[in-house]
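S.K.: Sharing a model prediction with you, sequence too.
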Amino acid sequence: MVNPSLVLKKVVFIRDHIARVRAQKDCSLAEFLGDRNRQDIVCFNLMQAIQACADLANHLVSDQGWGIPGSYGETVEILVREKVINEQQGETYRQMVAFRNRIAHRYAETDFKEVYEVMTTQLSALDDFVEAIINYCHL
């Protein structure tokens with residue numbers, strides 16, 4: 001059984017970090033590329049939000065007894081199989097986790113144009129993922 005309190009805490013955490021990213025997006029690409037502080041704020045908050053989505057997904061899979069995924073990719077497959085998210089959301093979520101891994105493990109090599117693209121065009125994917133979990137859990 002899913003722990004509603006834990007799910008809601010994660011949702012608040014994710015939404016807070018997404019809001020922090022949104023607060024930084026009112027700038028041009030050139031301004032973003034020239035502002036290391038803004039880059040750090042966006043990268044950190046994106047990493048936090050995406051990691052919390054991964055934690056939330058793993059919590060749901062575990063609590064529902066759907067298996068023990070060996071990777072985030074397997075977690076996504078389970079969520080799609082159980083109709084928590086659709087195929088498109090699953091693919092987008094896989095891409096977001098891969099993006100988070102690139103930032104977390106190769107920060108010095110981060111492509112800040114890609115970060116800007118995510119910040120300005122893909123935050124709704126995280127919103128959609130959270131909404132899918134909320135809807136599934138009937139919260």
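M.R.: That came through fine. Residues are numbered from 1 along each chain as shown.

S.K.: Just the element for the residue positioned nearest the centre of the chain, please.
M.R.: Using Cα atoms, centre = their mean, the residue of the chain that lies closest to the mean C-alpha position is residue 50, 2.6 Å off. Mapping residue 50 onto the secondary structure by DSSP states H and E places it in helix 36-63.

S.K.: just residue 128 next, same as before
M.R.: Residue 128 belongs to helix 123-137 when elements are defined using DSSP H and E.

S.K.: follow-up on the earlier one: go through the helix holding residue 50 and flag the buried ones.
M.R.: Residues 38-39, 42-43, 45-54, 56-61 are the ones in helix 36-63 that count as buried (16 or more other Cβ atoms under 10 Å). Where you see a C-beta, it was placed from the backbone N, CA and C, and this is true even at glycine.

S.K.: Residue 21 contacts residue 42, doesn't it?
M.R.: Yes - using Cβ atoms under 8 Å, residue 21 is in contact with residue 42, at 5.4 Å.

S.K.: Name the residues contacting each of these two.
M.R.: Applying Cβ atoms under 8 Å, 6 or more residues apart in numbering, one finds that residue 21 and residue 42 are jointly contacted by residue 119.

S.K.: what stretches of this structure score poorly on pLDDT?
M.R.: Scanning the chain for pLDDT under 70 picks out the ranges 107.

S.K.: to the chain's geometric centre, what's the distance from the helix holding residue 50?
M.R.: Taking the mean of its C-alpha atoms, helix 36-63 sits 5 Å from the chain's own mean (Cα atoms, centre = their mean, to the nearest Å).
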